[in-house]
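*Asks:* this is a predicted model, with the sequence first.
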Amino acid sequence: MPAVIFKSRVYYGIMAEECKRTIVGRFLKQRPQIDKIRSSFRELISMKGSYKIGAYDNHNVSLDFSIEEEFKNVWFRRVIEIEGMQMWLQKWSPDFKPKEDIPVAPVWILLPGLPFNMHNWHYVKQILSSVGTPLALDVATASKTRPSMAKVRVEIDLLKPRIESVWVGNEDENSPLKGFTQKLEYEAILKYCKHCKKLGHNMLNCRVLERLRAKETLAYDGKEVVDNLEGAQLNNKESANANEMEIAKNIQPTLVDTQVNTNENAKDQEEEAEKNNDSGPVLECGQAQNKLKSVKVKSPCMAERTKNKKKKNNKTKKMLKKKSTVIFKLV
């Protein structure tokens, strides 16, 4: 990819001079039509010199002035209402980005108790040069109608810490160094959000940051709920395993006792069987009972009767055989 590199002193110096009297007007919502912005601006502010208003995108417009004094008068307003919408004004910079506000703004700085002989632009701008870029004196200071205090418009970087006081001294070859501490008071400083890089609010009441935190909180709560559920499931599983182990411990002695009793019963049966083998054949319980039922004990009288009955039957059979024999003789 081809590349073009400029020197910083050229980029921020000579090239920036082309837009040194350019202001960027930003609308928080979608801006009105460019023709309505031009007509409203013409009605609000009267200009002696020429100026141009052009559309940059749906939220930003550029205002370019030919006279330095008119450029400052518009920029010092900071906000202009057009078509019922606020247009925030900021000085153009080579670092301008359409979706970010430049953290530079003009503010009034008060110098209470400043010696009256120093109410002069040449001296005041030296006192405030470490604070920012001095822009102009207010009318009362310039006309020296308020000797108790000087008031100066200064362009400051909103991201830098505020300087609350400046030491002002004097010395020469014949007198030692002496001086005083000059207190500085800032009036109506614009807020700047470091998160979304917008003017008008800080990080404490940034809506973008609030939505981001709400999402993070919701995600954290969801993760915490999942972790709690997983922890509860794990605890339930551990409890179930512990209960199973406890049941197994309780059942094992019972099984051992049962096995011992079974072994003892089997041993007793084996001993009983050995005794029965010694006295004769052993019958099973059911067979023994049936055998006992089927056995009839015969008395001596019954034995005799049975014997006589058998003899009688044998005799009857012989007689029948004789009677059943037929012999034919020839005549």
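*Replies:* Ah, there it is.

*Asks:* can you list the weak-confidence ranges in the protein?
*Replies:* 221-227, 232, 248-331 (pLDDT under 70).

*Asks:* could you pull out the strands in it for me?
*Replies:* For the chain, the strands defined by DSSP state E occupy 22-27, 51-55, 60-65, 79-82, 85-91, 104-112, 133-137, 149-157, 165-170, 178-183, 185-187, 192-193, 198-199.

*Asks:* mind putting these in a markdown table, mean neighbour count and distance to Met118 included?
*Replies:* All C-beta atoms are positioned from the backbone trio N, CA, C, and that covers glycine. Converted to a markdown table, these look like this (neighbours: other Cβ atoms under 10 Å; distance: least, Cβ to Cβ, whole Å):
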| stretch | mean neighbour count | distance to Met118 |
| --- | --- | --- |
| strand 22-27 | 21 | 31 |
| strand 51-55 | 15 | 36 |
| strand 60-65 | 20 | 31 |
| strand 79-82 | 15 | 32 |
| strand 85-91 | 19 | 27 |
| strand 104-112 | 19 | 9 |
| strand 133-137 | 17 | 12 |
| strand 149-157 | 20 | 7 |
| strand 165-170 | 12 | 8 |
| strand 178-183 | 12 | 9 |
| strand 185-187 | 13 | 16 |
| strand 192-193 | 21 | 31 |
| strand 198-199 | 22 | 32 |
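
*Asks:* adding distance to Lys215, write the ones you listed out as CSV.
*Replies:* Formatted as CSV, these follow (distance: least, Cβ to Cβ, whole Å):
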stretch, distance to Lys215
strand 22-27, 27
strand 51-55, 34
strand 60-65, 28
strand 79-82, 32
strand 85-91, 28
strand 104-112, 31
strand 133-137, 40
strand 149-157, 32
strand 165-170, 43
strand 178-183, 45
strand 185-187, 36
strand 192-193, 18
strand 198-199, 20
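
*Asks:* for these, which one sits closest to Tyr220?
*Replies:* Nearest to Tyr220, of all the strands of the chain, is strand 192-193, at 23.5 Å by Cβ to Cβ.

*Asks:* can you list the neighbours in contact with the closest one?
*Replies:* Identification of contacts with strand 192-193 by Cβ atoms under 8 Å, 6 or more residues apart in numbering yields 101, 103, 105, 158-159, 198-199, 201-203, 206, 209.

*Asks:* now Pro106, which residues is it bridged with?
*Replies:* Glu155 (DSSP bridges).

*Asks:* ok, Ala55 - contacts?
*Replies:* 31, 34, 61.

*Asks:* do that again at 6 Å, thanks
*Replies:* 34, 61 (Cβ atoms under 6 Å, 6 or more residues apart in numbering).

*Asks:* now it: how far from Met85?
*Replies:* 15 Å (Cβ to Cβ, to the nearest Å).

*Asks:* hang on, the earlier thing: columns distance to Pro176 on top of the contacts of strand 192-193, output as JSON lines?
*Replies:* Formatted as JSON lines, those follow (distance: Cβ to Cβ, whole Å):
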{"residue": "Asp101", "distance to Pro176": "47"}
{"residue": "Pro103", "distance to Pro176": "41"}
{"residue": "Ala105", "distance to Pro176": "40"}
{"residue": "Leu158", "distance to Pro176": "39"}
{"residue": "Leu159", "distance to Pro176": "39"}
{"residue": "Lys198", "distance to Pro176": "50"}
{"residue": "Leu199", "distance to Pro176": "46"}
{"residue": "His201", "distance to Pro176": "49"}
{"residue": "Asn202", "distance to Pro176": "45"}
{"residue": "Met203", "distance to Pro176": "47"}
{"residue": "Cys206", "distance to Pro176": "51"}
{"residue": "Leu209", "distance to Pro176": "53"}
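
*Asks:* tell me which of the residues you listed fall in helices.
*Replies:* Members of these lying in helices (criterion: DSSP state H): Leu209.

*Asks:* narrow the contacts of strand 192-193 to those that are buried.
*Replies:* Among the contacts of strand 192-193, those buried by neighbour count (16 or more other Cβ atoms under 10 Å) are 101, 103, 105, 158, 198-199, 201, 206, 209.
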